[in-house]
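Chemist: using only what follows, build the 3D model:
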Amino acid sequence: DMDHPQCIALYLRRLQECCKNREICEVKRIHALLLENDSPESHQLEFLDHHLIHIYGKCFCPDDARWLFDHISQRNVVTWNMMLSAYLQNGLLAQAICLFQEMRKQDVEPSAVTFITTLKSCTQLYEVQYLHTLIHKSGFESDIVVCNVLIHMFAKCGSIGMAFRTFLKMPQRDFITWTTLIDALIQDGKSMEALQCFKYMVSEDGLHPSTMTYATILNACSSHETLEEGKCIHDHIIKIGYDSYEFVISSLLTMYGKCGVVNDAVWLFDNNIRLATITWNSMISVYVRQGHSNEALQLFQEMLQQCIEPNSVTIITILDACTEVSAFKEGKLIHNCMLDMGINSKAAWNALLNFYGHCGSPSDAINAFDKMPHKDVVSWTTIIQVFANSGCHDQIFQSLNNMRKYGVEPNKVTFVNVLKAFTNSGKVEEGMMIHTMIVCETLELDIVICNTLITMYGNYGNPIDACKIFSSMLRWDAVSWTAVIAAHTQNGYGIE
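Modeler: Down below sits the predicted model:
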């Protein structure tokens, strides 16, 4: 009996297992079976629909989640929340905002979860402000979790003032509230204010900072001026026993590294008994940050000898060390390590491309690029840079066409790299074609692109077009003036 609770529980358990293992084909097979056995009198799918939307979202199938959502005749706030979450998990932020608007039009009363999910989908300040107004009208300003997310999103969208005002209006706060505000201040470059906030939290509000609060406040201690503050916090961490948490140790290592006291970081690392991957990553990063790339490579070898499995962060960091000292042999070994471990992180593969490019091995870069499981705009931009450095200008145009064919749009960094390639090669026609493409992409007013175009036309012996671009700019910086002056002087217009 499909309606029997045990039968439904069995299906749900199997679906959850499939979700955990990302077995999307099996999920679809079970879904098809449920649809086949469904009937107007049966209500078993009503219970499973929400779980299926959630599972499709988790398995990176937002279109399947939306199909199911659209075919549910009686939707409630939970249904809408599941679909909003599916969009958010897959980075479809605009679709999430549109869905929220659709929900409003259908007079579905949003819950706290609705506001939390939609807030996290915001990319513009006006979106957060609009939701803030609705939160106020709906009476959720007293909900501590909603307000914590609101503080975070105001800060993320560039309004630390609105974040602080939201904080002040809160009837009650928890350690997450304080940690969120402290992190917002640090991200805004206000480290001293963050430290004052931390002290006030402990002394006035009487709250005990969590391990996450300590890990966050250590980010405020990233210079010689704040080193003593960082050491005091370290002492307090030891007193309350938080130095047994690996991510706290990792934050301490990062702090000492940023403050330039490598010896203190080494002492802390050597005296830490339980060393997880995150701790090794932080120590390797300290060495790389301070220019001790050879020590970073030695530590990576020691990590492997102790059977500590590296992750994508380890690979990215150690490839930076290889790039810095042109350690080609070690970089090749890391490439093999990535293949053996099945590391599919785009960032790790992009770091590998960058490494091969800097080591002057375009064939290895191309081979790695062709084998990449997933490519993003950074991947294509990096391989274009490799072609540019190797003088393979025909391949640049081919790559621009191919990336579009695969649904990846070039960004301003891509175009700047392409422009520099054609500027140095003196290929006038190709450079002008790229300029046309930039106009089509509506990037012609970007200051970095304009500066590169001015330099390009100057090198082409065309100061008139260089001057036209300069005049069309909305603002100028020192690079703009230097570029336009150079365009005139190198073409015999020194007086101008």
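Chemist: every contact and neighbour count from this point should use C-alpha atoms.
Modeler: Fine.
Chemist: convert the C-alpha atoms of the helix or strand encompassing Ile53 to CSV, please.
Modeler: Secondary structure here is read from DSSP states H and E; on that basis Ile53 sits in helix 44-58. Coordinates of the C-alpha atoms in helix 44-58 are reproduced here as CSV (Å, rounded to 0.1, in the frame of the first residue of the first chain):
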residue,chain,number,x,y,z
GLN,A,44,1.5,9.8,-0.3
LEU,A,45,3.1,12.2,-2.8
GLU,A,46,1.9,15.2,-0.8
PHE,A,47,4.3,14.3,2.0
LEU,A,48,7.2,13.4,-0.3
ASP,A,49,6.9,16.4,-2.7
HIS,A,50,8.7,18.8,-0.4
HIS,A,51,11.5,16.3,0.2
LEU,A,52,11.9,15.7,-3.5
ILE,A,53,12.2,19.5,-4.2
HIS,A,54,14.8,19.7,-1.5
ILE,A,55,16.7,16.6,-2.9
TYR,A,56,16.6,17.9,-6.5
GLY,A,57,18.1,21.2,-5.2
LYS,A,58,20.8,19.4,-3.3
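Chemist: and for the next helix or strand after it, what are the contacting residues?
Modeler: The helix or strand immediately downstream of helix 44-58 is helix 62-70, counting by DSSP H and E. Defining contact as Cα atoms under 8 Å, 6 or more residues apart in numbering, one finds that helix 62-70 is touched by Asp49, Leu52, Ile53, His54, Tyr56, Gly57, Thr79, Met83, Ala86, Tyr87, Asn90.
Chemist: just want the angle from helix 62-70 to helix 44-58.
Modeler: Helix 62-70 and helix 44-58 are oriented at 150 degrees to each other (axes from the mean of the first three to the mean of the last three Cα atoms, to 10 degrees).
Chemist: spatially central residue for this structure, please.
Modeler: Ala347 (9.9 Å; Cα atoms, centre = their mean).
Chemist: in terms of helices and strands, where is it?
Modeler: Secondary structure assignment for Ala347, by DSSP H and E: helix 346-358.
Chemist: buried residues of the helix holding Ile53, list them for me.
Modeler: Of the residues in helix 44-58, those buried under the neighbour-count criterion (16 or more other Cα atoms under 10 Å) are 44-45, 48-58.
Chemist: swap in stretch 213-224?
Modeler: Of the residues in stretch 213-224, those buried under the neighbour-count criterion (16+ other Cα under 10 Å) are Thr213, Tyr214, Ala215, Thr216, Ile217, Leu218, Asn219, Ala220, Cys221, Ser222, Ser223.
Chemist: got TSV for those residues, with distance to Gly458, pLDDT and secondary structure too?
Modeler: Supplementary listing: the buried residues of stretch 213-224 in TSV, determined by distance: Cα to Cα, whole Å; pLDDT from 0 to 100; DSSP: H, G, I helix; E, B strand; the rest coil:
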residue	distance to Gly458	pLDDT	secondary structure
Thr213	52	95	helix
Tyr214	53	96	helix
Ala215	50	95	helix
Thr216	48	96	helix
Ile217	48	96	helix
Leu218	48	96	helix
Asn219	44	94	helix
Ala220	44	95	helix
Cys221	45	94	coil
Ser222	42	87	coil
Ser223	41	88	coil
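Chemist: tell me the one among the residues you listed nearest to Leu297.
Modeler: Ser222 (24.1 Å; Cα to Cα).
Chemist: pretty sure that closest one contacts Ser251?
Modeler: No: in terms of Cα atoms under 8 Å, Ser222 does not count as a neighbour of Ser251; the distance is 10.6 Å.
Chemist: that older thread, and the helix or strand just after the helix holding Ala347, average pLDDT?
Modeler: Using DSSP H and E, the helix or strand that follows helix 346-358 towards the C-terminus is helix 362-371. On average, the pLDDT along helix 362-371 is 93.
Chemist: contacts for helix 362-371, please.
Modeler: Where contact means Cα under 8 Å, 6+ apart, the residues beyond helix 362-371 that reach it are Trp349, Leu352, Leu353, Asn354, Tyr356, Gly357, Ser379, Ile383, Val386, Phe387, Ser390.
Chemist: Glu141: which of these is nearest?
Modeler: Sorting the contacts of helix 362-371 by how near they are to Glu141, with Cα to Cα, puts Ser379 at the top with 42.8 Å.
Chemist: ok, that closest one - how many residues close by?
Modeler: Ser379 is surrounded by 22 other residues when neighbours are defined as other Cα atoms under 10 Å.
Chemist: ok, it to Asn21 distance?
Modeler: Counting by Cα to Cα, to the nearest Å, the separation of Ser379 from Asn21 is 27 Å.
Chemist: cool, Gly260 as well?
Modeler: Here the criterion is Cα to Cα. By it, Gly260 lies 43 Å from Asn21.
Chemist: before we move on, the earlier item: and the furthest pair within the contacts of helix 362-371?
Modeler: Pairwise distances across the contacts of helix 362-371 peak at 19.9 Å for Trp349 and Ser390 (criterion: Cα to Cα).
Chemist: Lys137: which element?
Modeler: With DSSP H and E as the test, Lys137 turns up in helix 125-138.
Chemist: for the next helix or strand after that helix, which helices and strands make contact with it?
Modeler: The element immediately downstream of helix 125-138 (helix or strand, assigned by DSSP H and E) is helix 144-156. The contact analysis (3 or more Cα pairs under 8 Å, 6 or more residues apart in numbering; DSSP states H and E) places helix 144-156 against helix 112-120, helix 125-138, helix 160-169, helix 175-187.
Chemist: so what's the residue count around Lys405?
Modeler: When counting by other Cα under 10 Å, one arrives at 10 neighbours for Lys405.
Chemist: surely Leu453 touches Ala466?
Modeler: Yes: contact criterion Cα under 8 Å: Leu453 and Ala466 qualify, at 7.1 Å.
Chemist: could I get the average pLDDT for the helix holding Ile53?
Modeler: The average of the pLDDT scores along helix 44-58 is 81.
Chemist: which helices and strands sit right next to it?
Modeler: In terms of contacts (3+ Cα pairs under 8 Å, 6+ apart), helix 44-58 is packed against helix 5-20, helix 24-36, helix 62-70, helix 77-89.
Chemist: next, the buried residues of stretch 55-74.
Modeler: Of the residues in stretch 55-74, 55-62, 64-66, 68-69 count as buried by neighbour count, 16+ other Cα under 10 Å.
Chemist: please apply the same query to stretch 296-312.
Modeler: For stretch 296-312, the buried set under the neighbour-count rule, 16+ other Cα under 10 Å, comprises Ala296, Leu297, Leu299, Phe300, Met303, Pro310, Asn311, Ser312.
Chemist: perfect, that will be all.
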